[in-house]
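> Whatever this is, show me its structure:
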Amino acid sequence: MSDALAHLWERLAGGALLWLAVTLAAYVIGLWLHRRANAAPLANPLLIAIVLIGAILMTTRTPYADYFSGAQILHFLLGPATVALALPLFRHVATIKRFFLPVMLAIIAGSVVAAGSAVAIAYALGASRATLLSLAPKSVTTPIAIGLAEQIGGLPALAAVLVLVTGAVGAVGGRWLLNTIGVLDWRARGLAVGTVSHGIATARAFQVNETAGAFAGLAMGVNGLLTALLLPLLVKLLS
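Predicted coordinates for the structure are as follows:
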């Protein structure tokens, strides 16, 4: 950038609302492209927003901490948004009660396989202990993953990136994979993406089918709780 533009950018970057506006604008662009692409999985609006924001941060050489300080209100709103998932869950509470045991067993199995397989592959490839501990909570929501990574000796920043990548991959490829292997029941589809790819894929599931979204929200919540309770104990036992 020229000196004049660089000076202007320095003044703008100091504004508390700049990065909030950039984040919202990036998502609006992603949503527009998603609709223009007829809701194609690869045109996921969140994935597009991440790429756009990353490109802006790299171009302007803005540290992530500066970006987060301006956009942290959206991070705070993740909590209320997660709680709001209880409404569609309430609408399907009768179905959940009827299949309670299979649902819980499916979430537990998915949680163990999602974390265990990723850690096992990374270990086989020679990843460091810190990387393995950052990878273990990749399938839970970002606030839980960051807290867990810090608690068990992982790298919180790396854990956050791995969570975003996991969610984006699940949102983009989950529907295709489930169609390919013949999983057509919306309840099963929701449990699968919610367990493996947390809130990003859950939001995508709601766009496709409310039943899938409700079960994805349930899976996301239960998986987050189980991981937060059990992962520190497992790490302590295996240390």
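> got the buried residues for whichever helix in the chain runs longest?
When the chain is parsed with DSSP state H, its longest helix is helix 210-238. The neighbour-count check on helix 210-238 (16 or more other CB atoms under 10 Å) flags 211-224, 226-228, 231, 235 as buried. Placement of C-beta: from N, CA and C, glycine included.
> which secondary structure elements does it contact?
On a contact count with 3 or more CB pairs under 8 Å, 6 or more residues apart in numbering; DSSP states H and E, helix 210-238 meets helix 86-91, helix 100-124, helix 142-152, helix 186-208.
> do you know which of these lies nearest residue 63?
Proximity to residue 63, assessed across the helices and strands packed on helix 210-238 by CB to CB, is greatest for helix 142-152 (17.4 Å).
> Now residue 166. Nearest residue, chain neighbours left out?
Excluding the flanking residues, the one nearest residue 166 by CB to CB, 6 or more residues apart in numbering is residue 138, at 4.7 Å.
> Averaged pLDDT, stretch 123-134. What do you get?
The pLDDT scores in stretch 123-134 average 89.
> And the contacts of that stretch?
Defining contact as CB atoms under 8 Å, 6 or more residues apart in numbering, one finds that stretch 123-134 is touched by 119, 122, 135, 149, 152-156, 158-159, 162, 235.
> can you tell me the helix or strand for the residue nearest the centre of the chain?
For the chain, the residue sitting closest to the mean C-alpha position, by CA atoms, centre = their mean, is residue 167 at 3.9 Å. Following DSSP states H and E, one finds residue 167 within helix 156-180.
> Buried residues, that helix. List them.
If you call a residue buried by 16+ other CB under 10 Å, then helix 156-180 has these buried ones: 156, 158-164, 166-175, 178.
> Ok, stretch 144-153 next?
Result for stretch 144-153 [16+ other CB under 10 Å]: buried residues 144, 145, 146, 148, 149, 152.
> Check the residues you listed against residue 58 and report the nearest one.
Distances from residue 58 to the buried residues of stretch 144-153, taken by CB to CB, are shortest for residue 146, at 22.2 Å.
> Now that closest one. Nearest residue, chain neighbours left out?
The shortest distance from residue 146 to any non-neighbouring residue, by CB to CB, 6+ apart, is to residue 156 (4.5 Å).
> One more: residue 159?
residue 149 (3.6 Å).
> same question, residue 214
Leaving aside its sequence neighbours, residue 214 sits nearest to residue 88 (CB to CB, 6+ apart; 4.1 Å).
> That neighbour touches residue 205, doesn't it?
No. When contacts are counted by CB atoms under 8 Å, residue 88 is not listed as touching residue 205 (10.3 Å).
> Name the spans of this structure whose pLDDT lies under the cut-off.
Low-confidence segments of the chain (pLDDT under 70): 1-16, 41, 75, 78-79, 82, 85-86, 239.
> Nothing else from me, thank you.
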